[in-house]
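Asks: just a sequence and a predicted model for now, questions to come.
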Amino acid sequence: MKPLSLQILQDWDEISRREWLVTNGIGGYASSSVSGANTRRYHGLLVAACEPPLGRAVVFSKLEEELRVEDHLYLLSANKYPSVIYPQGFRHLTDFTLDPVPTFTFEVHEGTVVLQKRIWLEHGSNTVFISYTLIKAPEPVKLGLIPFLAYKDYHTEQRRWDGFTAETAPTEAKGLKIVDFENAHPTFMRLSPSNSFQFRHEYGWFYNYVHEREEERGLDYLEDLYCPGRYDGILAPGKTVTLVASLDEENLVDPDTAFKGEIGRQTLLLKAAGLEGESCDDRSRLVMAADQFLIDKSDKVARATIIAGYPWFTDWGRDTMISLPGLTLTTGRFGLAKSILQTFAGAVQYGLLPNRFNDSGAGADFNTVDATLWFFHAAYEYARKSGDWTLLTNELFPVFEAILEAHLEGTKYGIKVDQTDGLLAAGGPGFQLTWMDAKVGDWVVTPRTGKPVEIQALWYNALRVTCEIANKSGKQSTKWSELATKTFNSFESKFINSETGALYDVVDVPGTDVPDHSVRPNQIFALSLPFPLIDPKSATGLAVFREVTDKLLTPVGLRTLAPDDPRYRPQYGPGDQTSRDGSYHQGTAWPWLIGAYIDVQRKVDSDPCAAVKLLEPLLDSMANYGLGSIAEIYDGSEPHKPNGCVAQAWSVAEVLRSLKGS
C-alpha cells in the first residue's frame, strides 16, 4: 500500500474517506476512518461477534484523546456534527500505517511532542487494545482518554434512551465492569499500567454524530453515544499506556504479550504463503488482507467459513466458494480450506448450498443457483493445489452426486436440467438467483431467468469435476460424462450470437423467443474455468475476449454492462437503496471479475507481464478507500470511484490469485 501523504492526512475530505480495518478471526472487527471520526454506523473500536461468526454488535464506539503540554490542550480525535467538524485532531496527524497494525503518529507543540497510537484485536477474542506511546517529549505530558459507548446491532443507529445507564463497577484487576442496560452483556475496560491514571465518572449522552457515508446511502445517519467517564494521567517519554476493552470477561492478557502474539501470528501467515522475510510488498499486504475474511472452527465458532465483506456482509455461499482458492490456497492455508469445504458440505439442503447464513445465526437462505456450482470448482481447486483428493473421493463425492441428482429432478426456485439439451434452467418471477442479485422490494433488477451463460459453464464444470473424482476413486461416471457431453454439444448452438460472434447472456428466457443480447461479463466464464465450454483461442473464444476487452474492461475490473447499452449506469450512488441497487449490476465495475479475465488473457496473450500490468491500478487503489484491501465495486466510468464494502473477500481473493499466477 502506498503511504499517505501529509496533504491527504490533514485534509478532511480525503482522510475521512479512507478507512482502516482489523478483525479478530471470529467475525468481530474494529474499523473507522483514519481521521478519527466514525463515518459509518458500522464503525467502532469493538464490533463484537456475539454469536460467532455472526451476531455483530457495536459495543465500544470510539475513544477520544486529549493531550496537555504545559498550558496547551491538543484534541486528537475528530467528529462530524450537522454544522461543524469538531475537534479536528487529524490536523496533528503526520503518519499512518497498517503495518504491523493500524498506527497513527501525532505531532503537537511545534513538533516537540510525538505520540503514537496503535490499535489491534486479540485473535479469537472480542477484545481490543488501543495503546499510546510518547515517542518524543521534553518532559511528561498529561493524557486524557474518553470512551464513548454504544450497544446496538451494527446495522442500526443508536439514539439516546433512558434505559441505557451504563452502570459501572470496579473489578479486582483495577478495571471497570460496564453494564449498558439491564441484561446486557457486560463490557470490561481497564488501563495497563493503571498506576498513573485515574478514572472519573463524568457520564452523559453526546448527540448527533453524523455518519457521512450513511447519509450518502440515503439512510439514517445520526447517532448518539454514551460516555461513562474519563481516564486522566501522566505519560512519560518512552512510556506506553494501553486501554483494553473486552466482552470476554475481564481479559487480563498483558498488552505487550498480546501485541507480540499478533506479530508472531502475522509472521506465520506470511511464512505459510511463502513470503517469510520479505518486505511488505503488494502480495504480503494482500495476504494480510486475505486473513481478515477467514474464520476457523473453534470452541467459540461453530463453523469454518469466509466473511464476504466488511463492514456489513456476513458469510455467503457464493462469495465463500469464489474466494476460497485465492484466500486459502494461494496463502498455503489448506487445512482451513478443507474445513470450509466440509462446513458447507454439511449445510447442503434441497441439493443447494446456502446462499447466506442469517445474521441472527438461525437458519439459512438457499435462493441461489450458482453458489452450489462454485462449490464443485472450489473443491476441485483445493484437490489440485493441495494434492488431497481423499476429501473429494471419500467425503464430497456422495454430496456432489446428490446435488447433481437434485438438479436433474428439479429443486427449489425453478432450478432444473432441461432434458432436451442438458442445460440448466433457473428462476421465476420474483427470484434473483445468480450473482447479479440486486432486488428492491418486488423489483428484481437483473432477473436473468432462463439459462444464464455462466450457469452453463459452472454446470458443465460440476459434471466434469464429478467425473474426475469418480475416475480417481474407481467409481462409475458414465451418467455424468454423457450429460456433460450433451451440455457441451448444446451450448454453442444456443449461445453464440451470430451478429457479434460472442455469447448471449441468457437464452430460453420465459415469455420470449429472443435471447438476452446484453453485453455482460458472465460470458467470460465459458472460457476461463478448468473445463471450458469454449476454447479461448477459437474464433468464438477470441470474439468473446475482444468484446469483453473492448466494452467491459476497466482499470479496476469488468463492467457489469456495456456503456452503449441504454440501461448503463456510469455511477453507483450516492442515493437511496432503489438508486444504488438499480445500478449495482448495470455498469458498475467489479474487481473479482478480473481473475477470470486474466485466466483467459494468459491463454491468448503471450506477454507474461500483461496480467501484472492489469492489476496495478487495483493494487494502487488499496490506498484510496479500504486501506490495505480492495473494494467491492467501482464506478464503471472514470474516475472509477470505489464504493460498496471497503474490503471484499472475492476482490482480494481474485487479485491475489491472479498476482501469484495460479
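Replies: Happy to help now that I have it.
Asks: any idea how far Arg559 is from Thr446?
Replies: Noted for Thr446: a distance of 13 Å to Arg559, by CB to CB, to the nearest Å. Any C-beta I mention is one placed from the backbone N, CA and C, and that applies to glycine too.
Asks: which of these two has more residues huddled nearby?
Replies: More neighbours surround Arg559 than the other of Thr446 and Arg559, with 29 against 24 (other CB atoms under 10 Å).
Asks: do I have it right that the more buried one meets His585?
Replies: No - with contact defined as CB atoms under 8 Å, Arg559 does not reach His585; the gap is 9.7 Å.
Asks: by contact count, what packs against the strand of greatest length in the chain?
Replies: The longest strand of the chain (DSSP state E) is strand 54-69. With contacts taken as 3 or more CB pairs under 8 Å, 6 or more residues apart in numbering; DSSP states H and E, strand 54-69 sits against strand 44-51, strand 72-75, strand 103-108, strand 113-121, strand 127-136, strand 141-153, strand 187-192, strand 240-246.
Asks: for the next helix or strand after the longest one, which positions count as buried?
Replies: Read in the C-terminal direction, the helix or strand following strand 141-153 is strand 167-170, with elements assigned using DSSP states H and E. Going by neighbour count (16 or more other CB atoms under 10 Å), the buried part of strand 167-170 is Thr168.
Asks: next one: stretch 105-118
Replies: For stretch 105-118, using 16+ other CB under 10 Å, the buried residues are Thr105, Phe106, Glu107, Val108, His109, Val113, Val114, Leu115, Gln116, Lys117, Arg118.
Asks: mind listing what the fifth one touches?
Replies: For His109, the contacting residues are Val69, Glu70, His72, Tyr74, by CB atoms under 8 Å, 6 or more residues apart in numbering.
Asks: which residues does stretch 420-430 contact?
Replies: Contacts of stretch 420-430 (CB under 8 Å, 6+ apart): 369, 407, 413-418, 433-434, 442, 444, 447-452, 455-456, 459, 483-484, 486-487, 489-491, 494, 508, 510.
Asks: tell me the confidence at the nearest residue to Arg91 once chain neighbours are set aside?
Replies: Leaving aside its sequence neighbours, Arg91 sits nearest to Gln10 (CB to CB, 6 or more residues apart in numbering; 5.1 Å). Listed pLDDT for Gln10 reads 95.
Asks: show me what the helix ranked longest in the chain is packed against.
Replies: Taking DSSP state H as the criterion, the chain has its longest helix at helix 453-473. Helix 453-473 is packed against helix 370-386, helix 397-409, strand 424-425, helix 478-495, helix 525-528, with contacts defined by 3+ CB pairs under 8 Å, 6+ apart.
Asks: got the domain boundaries for this structure?
Replies: What automatic domain parsing lists as the domains of the chain is 6-256, 303-660.
Asks: what would those look like in TSV with distance to Leu275?
Replies: What follows is the domains of the chain, written out as TSV (distance: least, CB to CB, whole Å):
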stretch	distance to Leu275
domain 6-256	13
domain 303-660	9
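Asks: any idea which of those is most buried?
Replies: Comparing the domains of the chain by mean neighbour count (mean count of other CB atoms under 10 Å), domain 303-660 ranks first with a mean of 20.
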